[in-house]
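[1] I would like to see how this sequence folds:
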Amino acid sequence: MSRQPVVVVVGRPNVGKSTLFNRLTRSRRALVHNLPGVTRDRIFGEAERLGGGMVTLVDTGGLLMEDEDTFVPLIRGQAESAIRDGDVVIFLLDGEAGPIPEDREISDYLRGLGVPVVPVVNKGDRKGVDLQALEFHRLGIGEPVVISAEHGTGMDLLWDALDLHLPPAGEVDEPEEENDDQIPVAVIGRPNVGKSSLINCLLGDERLLVTEISGTTRDAVDTVLEKDGVRYQFVDTAGIRRKGKTDRGPEVLSVVMARRYLERADLCLVVVDADEGITNQDAHVAGYAWEAGRAVILVINKWDLVKDRGLGRERLEDQAGQHLKFMRHSPRIYLSALNGRGVHKLFPAMQNLHQAYRRRTSTTNLNRILTEAWEARPPAMSGKRAPRLYYCSQVRHSPPHFVLFTNLPKSPHFSYMRYLENVLREALGLDGVPFRVIIRGRDR
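    Alright, predicted model coming up:
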(Lines give C-alpha, C1' and ligand atoms only; values in the text may rest on other atoms or scores of the structure.)
Protein backbone atom coordinates (compact mmCIF):
# COMPACT_ATOMS: atom_id res chain seq x y z
CA MET A 1 0.00 0.00 0.00
CA SER A 2 1.36 3.44 -0.92
CA ARG A 3 2.11 5.92 1.83
CA GLN A 4 -0.15 8.94 2.20
CA PRO A 5 1.77 12.09 1.11
CA VAL A 6 2.97 14.40 3.87
CA VAL A 7 2.84 18.23 3.73
CA VAL A 8 4.72 20.12 6.47
CA VAL A 9 3.92 23.71 7.51
CA VAL A 10 6.84 25.74 8.89
CA GLY A 11 7.54 29.40 9.58
CA ARG A 12 8.23 31.96 12.25
CA PRO A 13 5.89 32.14 15.26
CA ASN A 14 2.58 33.93 14.77
CA VAL A 15 2.52 34.00 10.97
CA GLY A 16 -0.73 32.02 10.82
CA LYS A 17 0.35 28.36 10.71
CA SER A 18 -2.45 27.17 13.00
CA THR A 19 -5.02 29.15 11.02
CA LEU A 20 -3.80 27.63 7.76
CA PHE A 21 -3.73 24.18 9.33
CA ASN A 22 -7.34 24.56 10.45
CA ARG A 23 -8.34 25.90 7.04
CA LEU A 24 -6.80 22.99 5.13
CA THR A 25 -8.02 20.30 7.53
CA ARG A 26 -11.47 21.93 7.82
CA SER A 27 -11.29 21.78 11.59
CA ARG A 28 -14.50 22.68 13.38
CA ARG A 29 -12.77 24.90 15.91
CA ALA A 30 -9.38 26.58 16.33
CA LEU A 31 -6.68 24.40 17.78
CA VAL A 32 -5.70 25.23 21.35
CA HIS A 33 -2.68 27.32 20.43
CA ASN A 34 -2.87 29.90 23.21
CA LEU A 35 -1.91 27.46 25.97
CA PRO A 36 1.81 27.63 26.76
CA GLY A 37 3.75 24.75 25.26
CA VAL A 38 0.95 23.21 23.27
CA THR A 39 2.03 24.23 19.78
CA ARG A 40 5.63 23.41 20.59
CA ASP A 41 4.70 19.84 19.62
CA ARG A 42 3.86 18.73 16.11
CA ILE A 43 0.14 18.57 15.35
CA PHE A 44 -1.12 16.15 12.71
CA GLY A 45 -4.26 16.32 10.58
CA GLU A 46 -5.65 15.26 7.23
CA ALA A 47 -6.46 17.52 4.29
CA GLU A 48 -8.29 16.72 1.07
CA ARG A 49 -6.59 17.64 -2.22
CA LEU A 50 -8.59 19.47 -4.87
CA GLY A 51 -8.18 16.57 -7.27
CA GLY A 52 -9.21 13.99 -4.69
CA GLY A 53 -7.15 11.95 -2.27
CA MET A 54 -5.82 12.93 1.13
CA VAL A 55 -2.53 14.21 2.53
CA THR A 56 -1.18 14.20 6.07
CA LEU A 57 -0.66 17.79 7.22
CA VAL A 58 1.89 18.57 9.94
CA ASP A 59 1.85 21.86 11.87
CA THR A 60 5.23 22.51 13.49
CA GLY A 61 6.28 24.84 16.28
CA GLY A 62 7.35 28.33 15.26
CA LEU A 63 10.95 28.37 14.03
CA LEU A 64 13.36 30.79 15.70
CA MET A 65 16.92 30.29 14.53
CA GLU A 66 18.65 32.35 17.23
CA ASP A 67 17.05 32.58 20.65
CA GLU A 68 17.91 31.94 24.27
CA ASP A 69 14.62 30.13 24.88
CA THR A 70 15.57 26.59 25.90
CA PHE A 71 12.61 25.27 23.93
CA VAL A 72 13.98 26.51 20.60
CA PRO A 73 16.42 23.62 19.94
CA LEU A 74 13.60 21.19 20.71
CA ILE A 75 11.18 23.03 18.42
CA ARG A 76 13.77 23.10 15.64
CA GLY A 77 14.46 19.40 16.14
CA GLN A 78 10.76 18.58 15.96
CA ALA A 79 10.38 20.67 12.81
CA GLU A 80 13.45 19.16 11.14
CA SER A 81 12.21 15.65 11.89
CA ALA A 82 8.86 16.51 10.30
CA ILE A 83 10.51 18.15 7.28
CA ARG A 84 12.73 15.16 6.55
CA ASP A 85 9.68 12.88 6.66
CA GLY A 86 7.63 15.17 4.40
CA ASP A 87 7.11 15.29 0.65
CA VAL A 88 6.87 19.09 0.44
CA VAL A 89 7.16 22.03 2.85
CA ILE A 90 4.89 25.06 3.07
CA PHE A 91 7.11 27.94 4.24
CA LEU A 92 4.53 30.38 5.60
CA LEU A 93 5.48 34.07 5.59
CA ASP A 94 3.82 37.18 7.01
CA GLY A 95 2.81 39.35 4.04
CA GLU A 96 1.94 42.29 6.26
CA ALA A 97 5.33 42.38 7.99
CA GLY A 98 7.29 41.70 4.81
CA PRO A 99 10.55 39.72 4.67
CA ILE A 100 12.70 40.08 7.78
CA PRO A 101 16.15 38.63 8.61
CA GLU A 102 14.63 35.59 10.36
CA ASP A 103 12.83 34.67 7.13
CA ARG A 104 16.16 34.71 5.29
CA GLU A 105 17.72 32.46 7.95
CA ILE A 106 14.86 29.97 7.73
CA SER A 107 14.97 29.93 3.91
CA ASP A 108 18.72 29.21 4.03
CA TYR A 109 18.06 26.49 6.59
CA LEU A 110 15.40 24.86 4.37
CA ARG A 111 17.66 25.00 1.31
CA GLY A 112 20.31 23.18 3.31
CA LEU A 113 17.89 20.33 4.00
CA GLY A 114 17.31 19.83 0.28
CA VAL A 115 13.52 19.43 0.43
CA PRO A 116 10.89 20.87 -1.96
CA VAL A 117 9.62 24.19 -0.57
CA VAL A 118 6.56 26.25 -1.54
CA PRO A 119 6.85 29.82 -0.15
CA VAL A 120 3.39 31.04 0.87
CA VAL A 121 2.69 34.68 1.75
CA ASN A 122 -0.17 34.89 4.24
CA LYS A 123 -2.51 37.80 5.05
CA GLY A 124 -3.03 38.52 1.35
CA ASP A 125 -6.28 40.29 2.19
CA ARG A 126 -4.39 43.15 3.88
CA LYS A 127 -3.61 46.37 2.01
CA GLY A 128 -0.33 46.40 0.11
CA VAL A 129 0.49 42.72 0.59
CA ASP A 130 0.50 41.96 -3.15
CA LEU A 131 3.31 44.45 -3.67
CA GLN A 132 5.05 43.27 -0.52
CA ALA A 133 4.92 39.69 -1.82
CA LEU A 134 7.31 40.62 -4.62
CA GLU A 135 9.99 41.20 -2.00
CA PHE A 136 9.82 37.54 -0.96
CA HIS A 137 11.27 36.55 -4.35
CA ARG A 138 14.62 37.65 -2.93
CA LEU A 139 14.60 34.69 -0.54
CA GLY A 140 15.52 32.55 -3.54
CA ILE A 141 13.20 29.63 -2.83
CA GLY A 142 10.72 30.05 -5.66
CA GLU A 143 7.57 31.89 -6.69
CA PRO A 144 5.52 32.89 -3.62
CA VAL A 145 1.83 31.98 -3.46
CA VAL A 146 -0.32 34.72 -1.92
CA ILE A 147 -3.18 33.55 0.33
CA SER A 148 -5.36 34.54 3.24
CA ALA A 149 -5.56 31.64 5.68
CA GLU A 150 -8.18 33.50 7.68
CA HIS A 151 -10.57 34.07 4.76
CA GLY A 152 -9.63 31.09 2.59
CA THR A 153 -8.54 32.98 -0.52
CA GLY A 154 -5.78 31.53 -2.69
CA MET A 155 -6.28 27.93 -1.54
CA ASP A 156 -6.65 26.67 -5.13
CA LEU A 157 -3.33 28.29 -6.09
CA LEU A 158 -1.69 26.79 -3.02
CA TRP A 159 -2.86 23.27 -3.92
CA ASP A 160 -1.70 23.76 -7.53
CA ALA A 161 1.78 24.61 -6.23
CA LEU A 162 1.81 21.67 -3.79
CA ASP A 163 0.61 19.19 -6.42
CA LEU A 164 3.78 19.81 -8.43
CA HIS A 165 5.70 18.03 -5.66
CA LEU A 166 3.14 15.35 -4.72
CA PRO A 167 2.33 12.02 -6.37
CA PRO A 168 -0.83 12.02 -8.52
CA ALA A 169 -4.01 12.12 -6.47
CA GLY A 170 -5.97 8.88 -6.48
CA GLU A 171 -8.30 6.91 -4.32
CA VAL A 172 -7.77 7.40 -0.60
CA ASP A 173 -5.65 4.61 0.81
CA GLU A 174 -7.23 2.46 3.47
CA PRO A 175 -5.47 2.58 6.83
CA GLU A 176 -3.46 -0.42 7.85
CA GLU A 177 -5.42 -3.01 9.78
CA GLU A 178 -3.73 -3.61 13.11
CA ASN A 179 -4.96 -5.90 15.85
CA ASP A 180 -8.35 -6.22 14.17
CA ASP A 181 -9.57 -8.38 17.06
CA GLN A 182 -8.69 -5.65 19.57
CA ILE A 183 -10.31 -2.27 20.25
CA PRO A 184 -7.76 0.48 21.08
CA VAL A 185 -9.31 2.99 23.50
CA ALA A 186 -7.94 6.29 24.82
CA VAL A 187 -9.26 7.71 28.09
CA ILE A 188 -8.81 11.48 28.19
CA GLY A 189 -10.08 14.45 30.16
CA ARG A 190 -8.92 17.40 32.18
CA PRO A 191 -7.23 16.74 35.54
CA ASN A 192 -9.17 15.24 38.46
CA VAL A 193 -12.26 14.13 36.55
CA GLY A 194 -11.65 10.48 37.50
CA LYS A 195 -9.72 8.96 34.59
CA SER A 196 -7.55 6.87 36.89
CA SER A 197 -10.53 5.74 38.95
CA LEU A 198 -12.37 4.69 35.81
CA ILE A 199 -9.45 2.61 34.52
CA ASN A 200 -8.90 1.01 37.93
CA CYS A 201 -12.62 0.25 38.20
CA LEU A 202 -12.63 -1.44 34.79
CA LEU A 203 -9.56 -3.52 35.58
CA GLY A 204 -10.26 -4.21 39.24
CA ASP A 205 -13.85 -5.31 38.89
CA GLU A 206 -13.29 -7.65 35.98
CA ARG A 207 -9.91 -9.09 36.99
CA LEU A 208 -9.43 -10.21 33.38
CA LEU A 209 -6.13 -8.50 32.70
CA VAL A 210 -4.48 -10.36 29.83
CA THR A 211 -1.03 -8.81 29.70
CA GLU A 212 1.03 -5.65 30.00
CA ILE A 213 2.50 -4.69 26.63
CA SER A 214 5.01 -2.01 25.72
CA GLY A 215 3.58 1.13 24.19
CA THR A 216 5.12 3.29 21.49
CA THR A 217 6.06 6.19 23.77
CA ARG A 218 8.84 6.06 26.34
CA ASP A 219 7.79 4.52 29.67
CA ALA A 220 4.29 3.92 28.32
CA VAL A 221 2.37 0.74 29.09
CA ASP A 222 -0.89 -0.28 27.44
CA THR A 223 -3.33 -2.47 29.32
CA VAL A 224 -5.40 -5.14 27.59
CA LEU A 225 -8.67 -6.29 29.09
CA GLU A 226 -10.98 -9.02 27.77
CA LYS A 227 -14.72 -8.81 28.34
CA ASP A 228 -17.35 -11.11 26.80
CA GLY A 229 -14.89 -12.30 24.18
CA VAL A 230 -13.85 -8.77 23.13
CA ARG A 231 -10.36 -7.41 23.85
CA TYR A 232 -10.02 -3.74 24.78
CA GLN A 233 -6.60 -2.10 24.64
CA PHE A 234 -6.52 0.94 26.93
CA VAL A 235 -3.81 3.17 25.53
CA ASP A 236 -0.99 4.19 27.88
CA THR A 237 -2.89 3.61 31.11
CA ALA A 238 0.38 3.93 33.01
CA GLY A 239 0.62 7.46 31.65
CA ILE A 240 -2.94 8.19 32.68
CA ARG A 241 -2.20 7.06 36.22
CA ARG A 242 1.08 8.97 36.56
CA LYS A 243 0.65 11.65 39.19
CA GLY A 244 4.00 13.44 39.28
CA LYS A 245 4.16 15.06 35.86
CA THR A 246 2.14 18.19 36.38
CA ASP A 247 4.99 20.66 36.76
CA ARG A 248 4.18 22.32 33.44
CA GLY A 249 0.61 22.95 34.52
CA PRO A 250 -2.24 20.45 34.62
CA GLU A 251 -4.28 22.17 31.90
CA VAL A 252 -1.43 22.02 29.38
CA LEU A 253 -0.53 18.47 30.37
CA SER A 254 -4.07 17.19 29.83
CA VAL A 255 -4.07 18.50 26.26
CA VAL A 256 -0.56 17.30 25.38
CA MET A 257 -1.16 13.83 26.83
CA ALA A 258 -4.56 13.58 25.12
CA ARG A 259 -2.97 14.21 21.73
CA ARG A 260 -0.39 11.50 22.34
CA TYR A 261 -2.97 8.89 23.31
CA LEU A 262 -5.23 9.69 20.37
CA GLU A 263 -2.54 8.86 17.82
CA ARG A 264 -2.92 5.18 18.74
CA ALA A 265 -6.62 4.80 19.48
CA ASP A 266 -9.82 4.19 17.49
CA LEU A 267 -12.20 5.08 20.30
CA CYS A 268 -12.00 7.79 22.91
CA LEU A 269 -13.69 8.02 26.29
CA VAL A 270 -13.92 11.72 27.16
CA VAL A 271 -14.37 11.86 30.94
CA VAL A 272 -16.05 14.85 32.60
CA ASP A 273 -16.99 15.60 36.21
CA ALA A 274 -20.76 15.49 36.83
CA ASP A 275 -20.42 17.49 40.04
CA GLU A 276 -18.33 20.32 38.56
CA GLY A 277 -20.11 20.29 35.21
CA ILE A 278 -18.81 20.53 31.65
CA THR A 279 -16.27 23.33 31.10
CA ASN A 280 -14.43 25.04 28.25
CA GLN A 281 -11.36 22.93 29.00
CA ASP A 282 -13.46 19.78 28.62
CA ALA A 283 -14.43 21.08 25.19
CA HIS A 284 -10.77 21.72 24.28
CA VAL A 285 -9.72 18.18 25.20
CA ALA A 286 -12.78 16.58 23.57
CA GLY A 287 -12.22 18.64 20.44
CA TYR A 288 -8.85 17.00 19.91
CA ALA A 289 -10.51 13.59 19.85
CA TRP A 290 -13.12 14.67 17.32
CA GLU A 291 -10.66 16.50 15.07
CA ALA A 292 -8.31 13.51 15.18
CA GLY A 293 -11.14 11.48 13.64
CA ARG A 294 -11.79 9.29 16.66
CA ALA A 295 -15.15 7.86 17.69
CA VAL A 296 -16.16 9.43 20.99
CA ILE A 297 -18.19 8.44 24.04
CA LEU A 298 -18.91 11.13 26.63
CA VAL A 299 -18.42 9.60 30.09
CA ILE A 300 -20.10 11.65 32.81
CA ASN A 301 -18.29 10.47 35.94
CA LYS A 302 -18.97 11.11 39.66
CA TRP A 303 -22.70 10.72 39.09
CA ASP A 304 -22.92 9.54 42.72
CA LEU A 305 -22.15 13.10 43.89
CA VAL A 306 -25.20 14.59 42.17
CA LYS A 307 -28.06 14.69 44.67
CA ASP A 308 -30.93 15.72 42.40
CA ARG A 309 -30.54 13.41 39.38
CA GLY A 310 -33.33 15.05 37.37
CA LEU A 311 -32.01 18.60 37.68
CA GLY A 312 -28.43 17.37 37.45
CA ARG A 313 -29.03 15.60 34.14
CA GLU A 314 -30.85 18.64 32.76
CA ARG A 315 -27.96 20.91 33.79
CA LEU A 316 -25.34 18.63 32.22
CA GLU A 317 -27.32 18.21 28.99
CA ASP A 318 -27.56 22.01 28.71
CA GLN A 319 -23.81 22.35 29.29
CA ALA A 320 -23.06 19.65 26.72
CA GLY A 321 -25.23 21.50 24.21
CA GLN A 322 -23.31 24.69 24.93
CA HIS A 323 -19.72 23.39 25.02
CA LEU A 324 -19.83 20.13 23.06
CA LYS A 325 -22.03 20.86 20.05
CA PHE A 326 -19.74 18.82 17.80
CA MET A 327 -20.47 15.79 20.02
CA ARG A 328 -24.24 16.19 20.08
CA HIS A 329 -24.71 12.75 18.47
CA SER A 330 -22.14 10.94 20.63
CA PRO A 331 -23.30 8.36 23.22
CA ARG A 332 -23.41 9.65 26.80
CA ILE A 333 -23.00 7.39 29.80
CA TYR A 334 -23.64 8.50 33.37
CA LEU A 335 -21.64 6.46 35.88
CA SER A 336 -19.64 6.43 39.08
CA ALA A 337 -16.13 5.01 38.89
CA LEU A 338 -16.03 5.15 42.69
CA ASN A 339 -18.86 2.68 43.32
CA GLY A 340 -18.95 1.09 39.85
CA ARG A 341 -22.56 1.92 39.06
CA GLY A 342 -23.18 2.37 35.34
CA VAL A 343 -19.67 1.24 34.35
CA HIS A 344 -21.03 -1.97 32.80
CA LYS A 345 -22.77 0.15 30.13
CA LEU A 346 -19.39 1.13 28.69
CA PHE A 347 -18.55 -2.26 27.18
CA PRO A 348 -21.52 -2.67 24.81
CA ALA A 349 -21.29 1.04 23.95
CA MET A 350 -17.62 0.70 22.99
CA GLN A 351 -18.23 -2.45 20.98
CA ASN A 352 -21.15 -0.96 19.04
CA LEU A 353 -19.31 2.29 18.39
CA HIS A 354 -16.20 0.50 17.16
CA GLN A 355 -18.27 -1.52 14.70
CA ALA A 356 -19.78 1.71 13.37
CA TYR A 357 -16.34 3.35 13.20
CA ARG A 358 -15.04 0.57 10.94
CA ARG A 359 -18.26 0.08 9.01
CA ARG A 360 -18.09 -0.49 5.26
CA THR A 361 -21.22 0.19 3.22
CA SER A 362 -21.76 -1.22 -0.26
CA THR A 363 -22.03 1.25 -3.12
CA THR A 364 -25.47 -0.17 -3.97
CA ASN A 365 -26.83 0.42 -0.47
CA LEU A 366 -25.23 3.85 -0.22
CA ASN A 367 -26.69 4.98 -3.56
CA ARG A 368 -30.14 3.75 -2.55
CA ILE A 369 -30.04 5.67 0.75
CA LEU A 370 -28.78 8.94 -0.71
CA THR A 371 -30.85 8.83 -3.90
CA GLU A 372 -34.02 8.46 -1.82
CA ALA A 373 -32.94 11.35 0.40
CA TRP A 374 -32.02 13.52 -2.62
CA GLU A 375 -35.36 12.86 -4.34
CA ALA A 376 -37.38 13.36 -1.15
CA ARG A 377 -35.75 16.74 -0.56
CA PRO A 378 -33.85 18.04 -3.62
CA PRO A 379 -31.25 20.78 -3.07
CA ALA A 380 -32.05 24.33 -4.13
CA MET A 381 -31.57 25.36 -7.76
CA SER A 382 -28.32 27.07 -8.73
CA GLY A 383 -29.56 29.79 -11.06
CA LYS A 384 -31.49 27.88 -13.70
CA ARG A 385 -29.62 24.62 -13.14
CA ALA A 386 -30.82 21.80 -10.93
CA PRO A 387 -28.17 19.93 -8.92
CA ARG A 388 -28.09 16.24 -9.84
CA LEU A 389 -26.69 13.36 -7.85
CA TYR A 390 -24.87 10.94 -10.16
CA TYR A 391 -23.58 8.37 -7.69
CA CYS A 392 -21.77 7.98 -4.38
CA SER A 393 -19.30 5.58 -2.80
CA GLN A 394 -17.40 4.98 0.42
CA VAL A 395 -13.69 5.61 -0.10
CA ARG A 396 -12.47 4.95 3.43
CA HIS A 397 -13.41 3.57 6.83
CA SER A 398 -12.16 4.22 10.39
CA PRO A 399 -13.84 6.70 10.21
CA PRO A 400 -16.02 6.40 7.10
CA HIS A 401 -15.53 8.89 4.25
CA PHE A 402 -18.24 9.13 1.57
CA VAL A 403 -17.86 10.85 -1.81
CA LEU A 404 -20.88 12.19 -3.73
CA PHE A 405 -20.50 13.06 -7.42
CA THR A 406 -22.76 15.82 -8.75
CA ASN A 407 -22.94 18.22 -11.68
CA LEU A 408 -22.73 21.24 -9.32
CA PRO A 409 -20.27 20.43 -6.51
CA LYS A 410 -20.32 23.99 -5.09
CA SER A 411 -24.10 24.26 -5.09
CA PRO A 412 -25.36 22.38 -1.99
CA HIS A 413 -25.75 24.72 0.99
CA PHE A 414 -24.14 23.65 4.28
CA SER A 415 -27.63 23.10 5.69
CA TYR A 416 -28.32 20.61 2.89
CA MET A 417 -25.04 18.84 3.61
CA ARG A 418 -26.11 18.58 7.24
CA TYR A 419 -29.38 17.02 6.05
CA LEU A 420 -27.47 14.37 4.07
CA GLU A 421 -25.17 13.73 7.05
CA ASN A 422 -28.19 13.20 9.30
CA VAL A 423 -29.68 10.76 6.78
CA LEU A 424 -26.46 8.73 6.69
CA ARG A 425 -26.02 8.88 10.46
CA GLU A 426 -29.49 7.46 11.03
CA ALA A 427 -29.44 4.91 8.20
CA LEU A 428 -25.98 3.52 8.99
CA GLY A 429 -25.94 3.92 12.78
CA LEU A 430 -23.06 6.39 12.89
CA ASP A 431 -23.85 8.22 16.14
CA GLY A 432 -20.57 9.24 17.74
CA VAL A 433 -18.55 8.62 14.56
CA PRO A 434 -16.87 11.67 12.91
CA PHE A 435 -17.57 10.54 9.34
CA ARG A 436 -17.16 12.90 6.36
CA VAL A 437 -19.27 13.57 3.28
CA ILE A 438 -17.28 15.00 0.36
CA ILE A 439 -18.86 16.55 -2.75
CA ARG A 440 -17.04 16.29 -6.08
CA GLY A 441 -17.98 17.45 -9.55
CA ARG A 442 -18.31 15.17 -12.53
CA ASP A 443 -19.82 15.49 -16.00
CA ARG A 444 -22.44 12.92 -16.84
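[2] so residue 225 touches residue 200, yeah?
    No. Between residue 225 and residue 200 there is no contact under C-beta atoms under 8 Å: 11.6 Å. Every C-beta, even on glycine, is put in place using the N, C-alpha and C of the backbone.
[3] out of those two, which sits in the more crowded spot?
    A count of neighbours by other C-beta atoms under 10 Å puts residue 225 above the other of residue 225 and residue 200, at 21 against 15.
[4] Surely that one is within a strand?
    Yes. Looking at residue 225 with DSSP: H, G, I helix; E, B strand; the rest coil, it is inside a strand.
[5] now it, nearest residue through space, not along the chain?
    Nearest residue to residue 225, sequence neighbours excluded (C-beta to C-beta, 6 or more residues apart in numbering): residue 232, at 5.0 Å.
[6] element containing that neighbour?
    Assigned by DSSP states H and E, residue 232 belongs to strand 230-234.
[7] elements contacting that strand?
    In this structure, strand 230-234 packs against strand 182-188, strand 221-227, helix 346-357, with contacts taken as 3 or more C-beta pairs under 8 Å, 6 or more residues apart in numbering; DSSP states H and E.
[8] Counting by contacts, list what the first one packs against.
    Secondary structure elements in contact with strand 182-188, counted by 3+ C-beta pairs under 8 Å, 6+ apart, are helix 195-206, strand 230-234, helix 250-262, strand 267-273, helix 280-291, helix 346-357.
[9] mind running it again at 7 Å?
    Strand 182-188 sits against helix 195-206, strand 230-234, helix 250-262, strand 267-273, helix 346-357, with contacts defined as 3 or more C-beta pairs under 7 Å, 6 or more residues apart in numbering; DSSP states H and E.
[10] hey, least reliable of the ones you listed by pLDDT?
    Ranked by mean pLDDT, the helices and strands packed on strand 182-188 end with helix 250-262 at the bottom, a mean of 57.
[11] sorry, back to before: name the residues linked to the residue nearest to residue 225 by a beta bridge.
    Note on residue 232: beta-bridge partners by DSSP bridges are residue 183, residue 225.
[12] Now for it: which residues touch it?
    Applying C-beta atoms under 7 Å, 6 or more residues apart in numbering to residue 232 gives the contacts 183, 185, 225, 350.
[13] Those residues into CSV, with extra columns for distance to residue 110?
    Below are the contacts of residue 232 laid out as CSV (distance: C-beta to C-beta, whole Å):
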residue, distance to residue 110
183, 41
185, 39
225, 47
350, 44
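[14] Give the buried subset of those residues as a ChimeraX selection command.
    Per 16 or more other C-beta atoms under 10 Å, the buried members of the contacts of residue 232 correspond to this ChimeraX selection:
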select :183,185,225,350
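[15] Out of the contacts of residue 232, which one has the lowest pLDDT?
    residue 225 (83).
[16] what kind of secondary structure is residue 9 in?
    Residue 9 is classified as strand under three-state DSSP.
[17] Specify the beta-bridge partners of it.
    residue 59, residue 90.
[18] That one reaches residue 20, doesn't it?
    Yes. Taking contacts as C-beta atoms under 7 Å, residue 9 lies within contact range of residue 20: 6.2 Å.
[19] tell me, what's touching the two both at once?
    Applying C-beta under 7 Å, 6+ apart, one finds that residue 9 and residue 20 are jointly contacted by residue 92.
[20] which of the contacts of residue 232 lies closest to residue 330?
    Proximity of those to residue 330 (C-beta to C-beta) peaks at residue 350, which lies at 12.3 Å.
[21] Good, we can wrap up now.
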